[in-house]
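# model this:
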Amino acid sequence: MEDVAQLAERRPVEANVAGSFPVILPKVSFLHQTTFFFLKVVLILKSHSVFNNVNSGQNGLERVHITVAEDVEGSKPFILPNQTSEVKASEVFFSGKIVPMSQTINVLFLAAEAEPYIKVGGLGDVAGSLPRALRALSNDDIKLDVRLVLPYHSAVKADNLKPLGMFSLARNGTEIQVEAFETSLNGMPVYFIGGEPIRASGSVYSSDAGLDAEKYAFFSLAALELSRQINWFPDVIHGNDWHTALSMYGLLTKSWEEGARHVASVISLHNLPFMGPDVSAIVDSYGLKLAQTDLPDWARVMPLPLGLWASDAIVAVSPTYGREILTPEYGCGLDEFLRSRGETVSGILNGLDTASFNPADDTALGVNFDIDSLEKRAANKSLLQERLGLPHEPEIPLLAMVSRMDVQKGVDLVFTALKSMKRTNWQAVILGTGDPRLEEAAMQLQALYPERVKVETRYDAGLARRIYAGSDMFLMPSRYEPCGLSQMISMRYGCVPIVRAAGGLNDTVKHRVTGFVFEKPHHMALTAAIKSAFKVFAEREKWQAIQRAGMAQDFSWENSAKKYLELYQSIIKS
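From the prediction side, this is the model:
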């Protein structure tokens, strides 16, 4: 058989490289092939040292295209010069066609909840959507193998769940059993971690801080071990909030102790004030030591600060919130530490499941509509007024609030603002549950204005969608709002948001373009914003222009996923 040098005399090997140097392929043999064939290799490199990085697909190699001029039976790897190991057969195959060699990034995505398996709050939306959006970015140049890991809560609803196996974690000189299960979601592997610490707490989030500390410490460390058990090794571990933060901490400290390869880590920050309970004793029981950190003394025993300290990148869930947490007002005592992290702190806006929240085909609506048939939307207002028992008044503005009853959400500001406008014509619907004192205040408001205000103190996803589609204005006067999804949904459904310039609200709503924005967390500022909206509402063409501008916004997860991909690539390289 001819070697490559001999064959090249007849059919030269071509290379296009950054810089000028020849590329000589070594002798290649195939078990099931008796004749050699010609290869054309086009290498797009960043530096000559690329040959040292072919297997990892990182640090310089952007793309390798291989053209096989003669068809070959079977698929075999090849060896580049000066290489001691083969390019993985799973990455490069000869099949008689142009086959791209793509960079693969393995991402282990950890969360306490995720749609469609279990959802309590906004994190469930994010963890159910972002991993799939990331996988959807895969192309000929890059493959994102994102895998989701969740606790096996008792309330989890998962079809086709298969036992994956059992393994153990060492704790206090004994072993604690971990049960692993597997299913898939649109082709994405999803793993569930079970065990006694998770069964001991029946709900996703317990009122018993001790139970939650045990559960999520166990889950975080078991998720790290899971990848070794299934022989799949992540390039990035992506955690969310305090519940998975000890994965970041365990990853770093174990790599120090065991000399393991560095795995990049990202933690998404959805709500900084929730840092988790004291886990110092639990961490020690699993053989992890509390490291000397530059965290405040009080924070060195809490999971979220430890995870922030250990992570390569800290991502707030909106650009504005990423800046806010660097200030004393929003930094919860960690602002100085976060400022010291410099460029590792950023903000990426959460996305919206635009396929689910689509007024054109939403089955919860009485009448479907889109940006080109906005006139049909009026029928939904009439149906909503009828459903709530409000007078059918199409020209009176209908205000809405769909929210957790919490002071953070500015619910109390809404009550006071509406009372201050008793001489103005308006209607209002409030849907939500939470703080019993705020629920009672909402019911008192309804009793005060029974022909104007309707309150539903419960969770009702279908009614929420009908409120988005039928109301004129949506109120979100949050004192702080890391991201927020309701304002995005309301715009998509033609309901104009009135929001405070906080966190993601500031990033998504443009004053007098897609909604109305006010600055101070005070009922008078909210009242002024509502009255300003009322004036524009009276001018039909201007109001519809704002509605259409909001409906035209692109809040899809694809945009967010692209920014996370850029982040993954940057921290892997560094």
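# stretch 277-294: end-to-end distance?
19 Å (Cα to Cα, to the nearest Å).
# now that stretch: mean pLDDT?
In this model, stretch 277-294 has a mean pLDDT of 94.
# give me the residues contacting it.
Stretch 277-294 is touched from outside by 169-172, 209-210, 212-214, 217, 221, 246, 249-250, 253-254, 300-303, 306, 309, 337, 340, with contacts defined as Cβ atoms under 8 Å, 6 or more residues apart in numbering. C-beta: built from backbone N, CA, C; applies to glycine.
# list the ones among those that fall in strands.
169-171 (DSSP state E).
# could I get those as TSV with distance to Gln385, pLDDT and neighbour count?
Below are the ones in strands among the contacts of stretch 277-294 laid out as TSV (distance: Cβ to Cβ, whole Å; pLDDT from 0 to 100; neighbours: other Cβ atoms under 10 Å):
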residue	distance to Gln385	pLDDT	neighbour count
Leu169	57	97	18
Ala170	62	96	12
Arg171	59	96	16
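# buried among the contacts of stretch 277-294? Make that a PyMOL selection.
Selection of the buried residues among these in PyMOL, burial being defined by 16 or more other Cβ atoms under 10 Å:
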select buried, resi 169+171+212+213+214+217+221+246+249+250+253+254+300+301+302+303+306+309+337
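# just the strands in the stretch 151-300 of the chain please.
162-171, 174-185, 188-194, 236-240, 264-269 (DSSP state E, counting those that start in this stretch).
# burial measure for Arg341, as a count.
By the criterion of other Cβ atoms under 10 Å, Arg341 has 16 neighbours.
# A strand includes Ser382, no?
No: judged by DSSP: H, G, I helix; E, B strand; the rest coil, Ser382 forms no part of a strand; its state is helix.
# find the nearest non-adjacent residue to it, please.
Excluding its sequence neighbours, the residue lying closest to Ser382 (Cβ to Cβ, 6 or more residues apart in numbering) is His392, at 6.0 Å.
# just the pLDDT for the one you found.
For His392, pLDDT reads 96.
# contact partners for it?
Here His392 is in contact with 382, 385-386 (Cβ under 8 Å, 6+ apart).
# run the chain-centre distance for stretch 510-525.
Its chain's C-alpha centre and that of stretch 510-525 lie 27 Å apart, by Cα atoms, centre = their mean, to the nearest Å.
# should've said stretch 342-351
Distance of stretch 342-351 from its chain centroid, counting by Cα atoms, centre = their mean, is 11 Å.
# and for stretch 165-181?
Counting by Cα atoms, centre = their mean, stretch 165-181 is centred 29 Å from the centre of its parent chain.
# so what's Leu383 up against?
Here Leu383 is in contact with 366-367, 466, 470 (criterion: Cβ under 8 Å, 6+ apart).
# hmm, try it at 6 Å
Gly366 (Cβ atoms under 6 Å, 6 or more residues apart in numbering).
# over to Asp435?
Shown in contact with Asp435 (Cβ under 6 Å, 6+ apart): 405-406.
# with Val178 instead?
Shown in contact with Val178 (Cβ under 6 Å, 6+ apart): 167, 195, 222.
# list the beta-bridge partners for it.
Val178 has these beta-bridge partners by DSSP bridges: Phe167.
# so which bits of stretch 339-358 are buried?
341, 344-345, 347-354, 357.
# now flag whichever of the residues you listed is closest to Asp372.
Thr354 (16.4 Å; Cβ to Cβ).
# helix, strand or coil for that closest one?
From three-state DSSP, the assignment for Thr354 is coil.
# neighbours of the closest residue to it other than its chain neighbours, how many?
Leaving aside its sequence neighbours, Thr354 sits nearest to Ser556 (Cβ to Cβ, 6+ apart; 4.8 Å). Look at Ser556: counted by other Cβ under 10 Å, it has 15 neighbours.
# same question for Tyr449.
A count of nearby residues for Tyr449, using other Cβ under 10 Å, gives 15.
# from Val455, how far off is it?
From Tyr449 across to Val455, the span is 10 Å (Cβ to Cβ, to the nearest Å).
# to the chain's geometric centre, what's the distance from stretch 560-574?
When distances are taken as Cα atoms, centre = their mean, stretch 560-574 is centred 13 Å away from the chain's centroid.
# what of stretch 324-337?
22 Å.
# nearest to Ile430 among the contacts of His392?
Ile430 lies nearest to Gln385 out of these, by Cβ to Cβ, at 14.7 Å.
# which SSE is immediately downstream of the helix or strand that closest one falls within?
Per DSSP states H and E, Gln385 falls inside helix 378-388. Scanning forward in sequence from helix 378-388 by DSSP H and E, the next helix or strand is strand 398-402.
# report the angle between that next one and helix 378-388.
Strand 398-402 runs at 70 degrees relative to helix 378-388, counting by axes from the mean of the first three to the mean of the last three Cα atoms, to 10 degrees.
# mind putting the contacts of His392 into a markdown table with pLDDT, distance to Ser280 and neighbour count?
Converted to a markdown table, the contacts of His392 look like this (pLDDT from 0 to 100; distance: Cβ to Cβ, whole Å; neighbours: other Cβ atoms under 10 Å):
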| residue | pLDDT | distance to Ser280 | neighbour count |
| --- | --- | --- | --- |
| Ser382 | 98 | 59 | 15 |
| Gln385 | 98 | 56 | 21 |
| Glu386 | 98 | 57 | 13 |
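# nearest to Arg479 among those residues?
Distance to Arg479, by Cβ to Cβ, is smallest for Gln385 among the contacts of His392, at 30.4 Å.
# next up, the contacts around the closest one.
Taking Cβ under 6 Å, 6+ apart as the test, what Gln385 contacts is His392.
# CA atoms of the helix ranked longest in the chain as CSV?
The helix that spans the most residues within the chain, counting by DSSP state H, is helix 209-229. Only the C-alpha atoms of helix 209-229 are listed here, as CSV (Å, rounded to 0.1, in the frame of the first residue of the first chain):
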residue,chain,number,x,y,z
ALA,A,209,-34.2,24.6,56.4
GLY,A,210,-32.4,21.6,57.8
LEU,A,211,-34.2,19.2,55.5
ASP,A,212,-33.5,21.4,52.4
ALA,A,213,-29.8,21.7,53.4
GLU,A,214,-29.5,17.9,53.6
LYS,A,215,-31.4,17.3,50.4
TYR,A,216,-29.6,19.8,48.2
ALA,A,217,-26.1,19.1,49.5
PHE,A,218,-26.7,15.4,48.7
PHE,A,219,-28.1,16.2,45.3
SER,A,220,-25.3,18.6,44.4
LEU,A,221,-22.5,16.2,45.2
ALA,A,222,-24.3,13.2,43.8
ALA,A,223,-24.8,15.0,40.5
LEU,A,224,-21.0,15.5,40.3
GLU,A,225,-20.4,11.8,40.8
LEU,A,226,-23.1,10.9,38.3
SER,A,227,-21.1,12.0,35.3
ARG,A,228,-18.2,9.6,36.3
GLN,A,229,-20.6,6.8,36.9
